[in-house]
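Chemist: Fold the following.
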Amino acid sequence: PSYPDEVRGVFAVRSGKYKAHFFTQGSAHSDTTADPACHASSSLTAHEPPLLYDLSKDPDRVSLCRPG
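Modeler: You can find the predicted model right below:
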């Protein structure tokens, strides 16, 4: 969402080259992407552990960072 959620907290955080997504939700702006989880009809999804991306290697957030 474009605004903070008072109940759930932040949905994503960026620190340096990394970005973590704690929650994801579809958007009409993403209806043309290949990933159906990004479409407007996709509901709010919590991620534990969060989805972690290295934006220096993957700016489009396609591949998750692997532990280790």
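Chemist: Residue 63 - how many residues pack around it?
Modeler: Other residues lying near residue 63 total 10 when counted by other CB atoms under 10 Å. Using the backbone N, CA and C atoms, a C-beta is placed for each residue, glycine as well.
Chemist: ditto for residue 9
Modeler: Residue 9 has 10 neighbours, counted by other CB under 10 Å.
Chemist: any idea which residue sits dead centre in this protein?
Modeler: The central residue of the chain, meaning the one whose C-alpha is nearest the mean C-alpha position (CA atoms, centre = their mean), is residue 21 at 4.2 Å.
Chemist: Need the three-state assignment for the closest residue to that residue other than its chain neighbours.
Modeler: With sequence-adjacent residues excluded and distances taken as CB to CB, 6 or more residues apart in numbering, residue 21 is closest to residue 51, at 4.2 Å. Look at residue 51: counting by DSSP: H, G, I helix; E, B strand; the rest coil, its state is strand.
Chemist: residues contacting residue 51?
Modeler: Counting by CB atoms under 8 Å, 6 or more residues apart in numbering, residue 51 makes contact with 20, 21, 24, 61, 64.
Chemist: I figured residue 50 was touching residue 20, is that so?
Modeler: Yes. Counting by CB atoms under 8 Å, residue 50 sits close enough to residue 20 to count as a contact (4.2 Å).
Chemist: show me where pLDDT drops low in the protein?
Modeler: The chain contains residues with pLDDT under 70 at 1-4, 34-35, 67-68.
Chemist: all strands for it, in order.
Modeler: When secondary structure is read from DSSP state E, the chain shows strands at 12-15, 18-24, 45-54.
Chemist: To residue 38, which of those strands lies closest?
Modeler: Nearest to residue 38 among the strands of the chain is strand 18-24 (8.1 Å), distances taken as CB to CB.
Chemist: Which elements pack onto that closest one?
Modeler: Under the contact criterion of 3 or more CB pairs under 8 Å, 6 or more residues apart in numbering; DSSP states H and E, the helices and strands touching strand 18-24 comprise strand 12-15, strand 45-54.
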